[in-house]
Every structure is written in C-alpha cells, then in structure tokens.
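Novice: Following is a predicted model, sequence given first.
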Amino acid sequence: MGRSPEEGSQEPSRDAAYWAQPVNKLSASAVPEGAVNLVEGRQLLGPLQGFGKMWQKTYRIQLASGVVTPAEVISTWKQEFARFWPRGNRFYAPLTGIQPGEVALVSIAAGPVKLSTGVMVLYADPESFTLMTPQGHMLAGWITFSSFEEEGCCVAQAQLLMRAQDPISEIGLTLGGHSQENRFWQQTLKILAANWGVDAEAQTEVICVDPRRRWSQAKNVWHNAAIRSQLHILMTPVRWLTSSLRNRRS
Amino acid sequence: MAEARVAMTVRQPAASASVIDIRGEVTAQCESTLMGSYTEAVSAGASGVVLNFDGLEYMNSGGIGLLVTLLIRAQRQGQRLVAFGLNDHYQQILAITRLNEAIGIYGSEAEALAALAGPAGGRS
C-alpha cells in the first residue's frame, strides 16, 4: 500500500517480490562459455538517460483462443527466452532464470558487427517481465514482455520504451537499425507463436514519444558496446599472449 | 487486456499547481485515466502538477513506463512534475529506473507544492 499519513507506518507492497532490488552497478553471476561480459560494473540506463529520440514500439501477436493462457505464455517465455530469439543472436540466460535483479549477457548481430552487452531483469510477475539495459547497450530503456486476453484471444506482446544511448547508436538506428530491430522482435514473436502451433505475423506499432535528442547524454558514447566489442576482439591476441606468459612463469 | 483498477481525482490547491490524487493500481491499463487527469490538471492554467501516490496500491513496469511518457509530455509543455506519498518500496523503484532524477519526490503535499512554487521547484 502507499503510505498512510494517519498511521505513519509502511506495509510491504504486494508487488515487492516482482521488482529488482536497487543496484549501483551490474554484476553477472556467471559468464557462460562463449559469452563476453562487458556489463560488469555498468550502471542501468533508463529512457530518460539516453541520447536519441524516444520511441515506444509495440509488437504483438495473436495466439489461438483456448490453446494457451497468458500465464502459460509468460511461464514458457521466461523459461525458454533464448530459444525464441532469431538465429545469429544469443541470450545467455541467468542460471536462476528470468528473476528480478538477475543479469543476462547477450550477443546481438547488428549488421556486420557483433555486440556483446547485457540486460537486467527489472520486473517479473506471472503475466509480464521487463528487461532494462545497462551503459554500453545500443538502447537506453526497457522492454516489457506480456501476455493477456483480448477479445477472447490470448495475445503475446513485446513493448520497448527506449532511445539510442549515444550519437553513434542513434545514427545506426536511423540507418537501418530501427528496421532491423523491428524484424528482430517480429521474428521473436513468430517463433514464440509457433511454439503453440500458430502461424501468424506480428503487428507493429511505433510511436515517437519524444522527438528531441538529449545532447547532455552524448557522453554515453564512452561505453558504446559496438566500439568495445570490436576492441575486445582486436585485443584477443594480446590477452592470449599475456595468458600464455603467465602460464609459463607459473 | 485487464481493466484499469484506479481512480484519479484532480484538484487545484494553488493557482500555479494542480494535484492528481491516485488511488489503486498504476499499470499500462490506466493510460487514458492518467493522461485525462493530466489534461484536466493543466487546463486551468497550472504550471506544475503534483502526483499524490498516498493511495497507490500497486504499480508494475507498465505503470513506470506510463510515468515516463507523462513526464515527457509535461516537459514538452513546459510543465513541472513532482510527486509525494510514495512509500520506500516505490521510491526505490523510481531510483532503480532513474525516474527520480527527473521527477522530484517529496515527503508531503506541502513540500511538493512549496517546491513547485520555488524557482528550482521540481526537476522535470
């Protein structure tokens, strides 16, 4: 409950277990084989801390009525989130699954570039869950996955509220990144629907919430995942050499 | 979609500020209620809007998203947005989503109204 001025006491909110605890900096509990952890020590960035235009993008797909309930959709989506991602992209789910506060590492194909970044589970209840992006991710904001009944039909939905984190990401989004992102989530929903034998296309609604760019946030470019991912690859021989020398000495 | 379980009333305790009293659940389903209340709150000429969360029972991530879009709308109209009545839990939620960097959070209605009346009132 909200605060009662008469009582002056504070009861625990009934949604307390659904939200992540406050964190200053992210820490991945484990780094799966093949994953690159470039989110360690990063801060979360909401849509207000990004640089580019703010967008609300909604992707939804209708599942056949009576086949599955919203709770079942979300339960399956949480448990097998990585399986529903389009080919060429990797979601390294936390060991404990989609739970509030857990950090997942991701590898995203952005054109010719592979981005290594991550997300934190901000919120998770039986019928929805939300992932929030850290510094370095192309986007600042969050994406909410939900399922609900609409006109007797079960609907699965992914809704982003985000803006590009920095000027480079904004340029990337403008030059095809938005279309690529749309395809990504449309494909995700199509794969999800196929899980219940439904062959359908996702509907997309895009709203520009704020057309302004926030130049005060241009400094986010320092953490840009595209740049850091490429640096990480370029530095691979150096890391290998350093590791070999250490092994010889020991 | 589930129906909105929220009631909002608007009052204007000062010429320059309106208060939206929120009772119930703030979720994505209450978008039309919240935006309608905001329109009513600023229609009488108030330059600042106070969100009263004393009656808040529940808020999910969809509700937080609504607050973001409301804040952007207020900023684009040159309005200031502040809040009071949030318990510790919801203050933490606004901190983790970093909404508290843009919406001033105060301990009471009087403090929120005083902040709006001052030159640096609110942070929106």
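Specialist: Yep, it's here.
Novice: Nearest residue to the most centrally placed residue in chain B in space, ignoring adjacent ones along the chain?
Specialist: The geometric centre of chain B, computed from its C-alpha atoms, lies nearest to B:L51 (Cα atoms, centre = their mean), at 3.1 Å. By the measure of Cβ to Cβ, 6 or more residues apart in numbering or on different chains, the closest residue to B:L51 outside its immediate chain neighbours is B:A83, 4.2 Å from it. Backbone N, C-alpha and C define where each C-beta goes, glycine included.
Novice: for the helix of greatest length in chain B, what is the average pLDDT?
Specialist: With residue count as the measure and DSSP state H as the assignment, chain B has helix B:61-76 as its longest helix. In this model, helix B:61-76 carries a mean pLDDT of 96.
Novice: do the same with stretch B:104-114
Specialist: When pLDDT is averaged along stretch B:104-114, the result is 96.
Novice: Name the residues that touch it?
Specialist: By Cβ atoms under 8 Å, 6 or more residues apart in numbering or on different chains, the residues outside stretch B:104-114 that reach it are B:13-14, B:17, B:19, B:50, B:52, B:80-86, B:91, B:94, B:115, B:121-124.
Novice: Show me which of the residues you listed are buried.
Specialist: Buried residues within these, defined by neighbour count using 16 or more other Cβ atoms under 10 Å in any protein chain shown: B:17, B:19, B:50, B:52, B:80-86, B:91, B:94, B:115, B:121-122, B:124.
Novice: Just the ones of those in helices?
Specialist: The helices in this structure, assigned by DSSP H, contain B:91, B:94, B:115 from the buried ones among the contacts of stretch B:104-114.
Novice: which residue packs closest to B:A41, ignoring adjacent ones?
Specialist: B:S18 (3.7 Å).
Novice: Near the one you found, how many other residues are there?
Specialist: Here the neighbour count serves as a burial measure; for B:S18 (other Cβ atoms under 10 Å in any protein chain shown) it reads 25.
Novice: A:Q79 now?
Specialist: The burial count assigned to A:Q79 is 12, neighbours taken as other Cβ under 10 Å.
Novice: swap in B:S43?
Specialist: As a burial measure, the neighbour count of B:S43 was computed by other Cβ under 10 Å and equals 11.
Novice: Which residue is the nearest non-sequential neighbour of residue 28?
Specialist: Went with chain A since none was named. Leaving aside its chain neighbours, A:A28 sits nearest to A:V103 (4.6 Å; criterion: Cβ to Cβ, 6+ apart).
Novice: Sorry, I should have been clearer: chain B.
Specialist: B:G62 (3.1 Å).
Novice: what does B:T69 give?
Specialist: Using Cβ to Cβ, 6+ apart and skipping the chain neighbours, the partner closest in space to B:T69 is A:V209 (5.5 Å).
Novice: Check which element follows the helix or strand bottoming out on mean pLDDT in chain A along the chain.
Specialist: Taking all helices and strands of chain A together, the one with the lowest average confidence (mean pLDDT, DSSP states H and E) is helix A:225-234, at a mean of 68. Sequence-wise, the next helix or strand downstream of helix A:225-234 (DSSP states H and E) is helix A:236-249.
Novice: in the chain, which segments are predicted with low confidence?
Specialist: I went with chain A, as the question did not name one. For chain A, the stretches with pLDDT under 70 are A:1-12, A:225, A:228-233.
Novice: meant chain B actually
Specialist: In the predicted model of chain B, residues B:1-2, B:120-124 satisfy pLDDT under 70.
Novice: need the residues of it near chain A, please.
Specialist: Near chain A, the residues belonging to chain B are B:1-2, B:53-62, B:65, B:68-69, B:71-72, B:75-76, B:85-90, B:92-93, B:95-99, B:101-102 when assessed by Cβ under 8 Å from any Cβ of the partner chain.
Novice: Residue 16: neighbouring residues, count only.
Specialist: Answering for chain A, as no chain was given. 16.
Novice: not what I meant, chain B
Specialist: For B:S16, the number of neighbouring residues by other Cβ under 10 Å comes to 14.
Novice: Quick check, it in contact with B:G48.
Specialist: Yes - here B:S16 reaches B:G48: they are 6.1 Å apart, a contact under Cβ atoms under 8 Å.
Novice: what is in contact with the two at once?
Specialist: B:L116.
Novice: would you list every one of the strands in chain A?
Specialist: Defined through DSSP state E, the strands belonging to chain A, from first to last, are A:54-63, A:90-92, A:103-110, A:113-125, A:128-132, A:139-150, A:153-164, A:203-210.
Novice: Who are the packing partners of the longest one?
Specialist: In this structure, strand A:113-125 makes packing contacts with strand A:103-110, strand A:128-132, helix A:225-234, judged by 3 or more Cβ pairs under 8 Å, 6 or more residues apart in numbering or on different chains; DSSP states H and E.
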